[in-house]
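Novice: Sequence first, predicted coordinates after that:
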Amino acid sequence: MIVVIVRWTAQLTFDLHSYVGRLALKLVKEEVSSKKHRSSIIILVYQFTLFYCKPFQAIASVHHLGYQAGMQNGTVIHAMLNIYFCHQMNYITGQDLITVQSNMKSFVIHQLNTNNKKFIAPPALLHYHALALREGLHVLDSRVDDVPTELDMASEKSAHDIMAGKIYSLTRAFLFREFGSGNFLDLVNISESIDDEKSMIRPLFAIGIFYEGLVCFMQSFRVADPSQRITWVKRGQAILARMKCWCEYSTWNWENKVLILEAMKMDILSNRDDDSAGLLYNNAIRSAHEHKFVHEEAIASELMGDFSFEQCRQSEAYALYMHSIKCFREWGAQAVATRIESSLKSKFALRLSHLEKEVDVGDIMKGILEGSTDVTTKRGIDEFLFSSQSLEQMKMWLEKNWCVGDM
C-alpha cells in the first residue's frame, strides 16, 4: 500500500509528493511491518522527488543505505537498483571517473555471473561513457573489459536505457565539442522526449536537460544564420526557465547550473563591452566549487575562458583554461582535458610559452573563487608590456582581436 500511494502521488504537485514521500520514509524506518519496503521506497522517493531538494552527494549515501536494507531484507532486486543509483549519483556529483567506471564494470560482471541480464544496459552505458571521458571517443568502437557494448544490447534496451544513452551521447558531444555527427540533432531533444512520453524526471534526466541547455546555447554561438541562432537561444531559455524553478527547491544542486546557462545567454545577447556574462561565469565557478561539483567547475571555467579570450583578456583566459584542465583531470576526464590543452596551442600560438612563464594561475583563480574583481579587469593589451613584441606586431594583434577601442 505504501508503494502504491507513493507512486500515485508522484503525478501530483511536488509539495504533496514530497510530503507523502517523507512520510513513507519515516514509516519504513520505524514500523517493523513496513521495513521490508524500505529499499524500494528509497528508490521511489529519492529518484522521483527528493533529488530536487536534497544534495546529490547525500542521495548517493542514501541509496547505499537502500542497498544494505535490500540485502538484509532479501529484496535483492531493489538492493541492486539502489547500488546502481548510488554509483550513478556519484557520477552526477563528479566523483572520480576511474571509480565510477570500476564500479559499473563490477556491477555488470556480477549481473552476468548471476545470469541476470535484465539490468545490464544502464551500468554498461555508464561504464563506456566514463571510459570515453577518460581515454577518448575511440573506446566506444570496441568491447572493453568484457562489458557488452551499446550495439550488443541494442535489442534489449528499454525506453529508459535509450534515454540514458542519448544523455551520455549528448554529454560527450558537448564536452568534446563534437557537434557534427549525423545523429546530433536527434540528441538535442531530451526535454521534448521526456515531455512527450510523460516520463517522470529523475536525476539523470535532469542532468540531460542541463546538457541540452548547454548545447543549445553553444549552438547559438556557432551558427551563422540569425533565424537559427534565435531558435537555439529560445530553446536554451526554455531550459533555463525550467531549471530556475528547480533552483527554488535547492541552490546546492542547481545554482551553479542555472548560473552557467544564464551566463551563456547573457554572453550571446549582450554587447561586447558588457561584462555581465563574465560576472555570471565568475559566480558559476564559485558556486560549483562551493557545492563540490568539480566537473561543472571545469565546464564553467572553460566557458569563462572563452568569454575572456573574446574580450582580449589573455592572461585571465589562459588561467581559466588551465584551471578547467586541472578540474577535468581531478574528475578523471583526461581526454577532455587533452582537448582543451590542444586548443590552447591554436588560440595563443607563439604567446603560449610567454603565458606559461608569466601568468600566475593560482593568483588569478584565487581572486575569482574569493570574489575579487581586480584580477578580472586586466585587458589583453597589458600583456604586451611584458613581452618583446614589436609595435607593428602589437598593432596587428590589436586589429585582429578588436581591442583598439580599449586603449
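Specialist: Perfect, thanks for sending it.
Novice: quick one: low-confidence parts of the stretch 251-400 of the chain?
Specialist: Low-confidence segments of the stretch 251-400 of the chain, defined by pLDDT under 70, span residues 272-273, 372-400.
Novice: same thing but 90
Specialist: In the predicted model, the stretch 251-400 of the chain carries pLDDT under 90 at residues 270-275, 345, 349-350, 370-400.
Novice: As a check, name the ranges of all helices in it.
Specialist: In the stretch 251-400 of the chain, the helices defined using DSSP state H, counting those that start in this stretch lie at 251-269, 276-290, 294-310, 314-331, 334-348, 352-358, 361-370, 391-401.
Novice: how about those, which one is nearest Phe174?
Specialist: Shortest separation from Phe174 across the helices of the stretch 251-400 of the chain is recorded for helix 294-310, at 8.3 Å, computed as Cβ to Cβ. All C-beta atoms are positioned from the backbone trio N, CA, C, and that covers glycine.
Novice: quick one: contacts of that closest one?
Specialist: Residues external to helix 294-310 that are found in contact with it (Cβ atoms under 8 Å, 6 or more residues apart in numbering): 94, 175, 214, 256-257, 259-260, 263-264, 267, 272, 277-278, 281-282, 284-285, 288-289, 316-318, 320-321, 323-328, 330-331, 333, 336, 340, 347, 376.
Novice: Which residues does stretch 248-260 contact?
Specialist: Residues from elsewhere that reach stretch 248-260 (Cβ under 8 Å, 6+ apart): 14, 51-56, 210, 214, 240, 243-244, 246-247, 280-281, 283-284, 287-288, 291, 293, 296-297, 299-300, 303.
Novice: Quick check: buried residues in that stretch?
Specialist: Using 16 or more other Cβ atoms under 10 Å as the test for burial, stretch 248-260 gives Tyr249, Ser250, Trp252, Asn253, Trp254, Glu255, Asn256, Lys257, Val258, Leu259, Ile260.
Novice: For the first one, grab phi and psi.
Specialist: What that stands for is Tyr249. Backbone geometry at Tyr249, expressed as degrees, to the nearest 10, gives phi -90, psi -20.
Novice: Please name the nearest non-neighbouring residue to Ser287.
Specialist: Spatial nearest neighbour of Ser287, chain neighbours left out: Asn256 (3.8 Å); criterion: Cβ to Cβ, 6 or more residues apart in numbering.
Novice: For Ala284, see how far away that neighbour is.
Specialist: Shown here: Asn256 relative to Ala284, a distance of 5 Å by Cβ to Cβ, to the nearest Å.
Novice: Ok, Ser343 next?
Specialist: With the distance defined as Cβ to Cβ, Ser343 ends up 20 Å from Ala284.
Novice: between those two, which one's more packed in?
Specialist: When neighbours are counted by other Cβ atoms under 10 Å, Ala284 comes out ahead of the other of Ser343 and Ala284, with 27 against 15.
Novice: Is that one in contact with Ala263, as I believe?
Specialist: Yes. If you go by Cβ atoms under 8 Å, Ala284 and Ala263 touch, sitting 5.8 Å apart.
Novice: in stretch 189-200, what's buried?
Specialist: Buried residues in stretch 189-200, defined by neighbour count with 16+ other Cβ under 10 Å: Ile190, Ser191, Ser193, Ile194.
Novice: tell me the two of those residues that are most distant?
Specialist: Of all pairs drawn from those, the one with the largest separation by Cβ to Cβ is Ser191 and Ser193; the distance is 7.4 Å.
Novice: Domain ranges for the protein, per the record?
Specialist: The chain breaks down into these domains under automatic domain parsing: 1-93, 250-407.
Novice: Could you pull up the residues touching the nearest residue to Gly208 once chain neighbours are set aside?
Specialist: Distances taken as Cβ to Cβ, 6+ apart put Ile167 closest to Gly208, at 3.5 Å, once the chain neighbours are dropped. If a contact means Cβ under 8 Å, 6+ apart, then Ile167 has Ile190, Leu204, Phe205, Ile207, Gly208, Tyr211 as its contacts.
Novice: again, but for Tyr321
Specialist: Ser301, Glu302, Gly305, Ile340, Ser343, Leu344, Lys347 are the contacts of Tyr321 under Cβ under 8 Å, 6+ apart.
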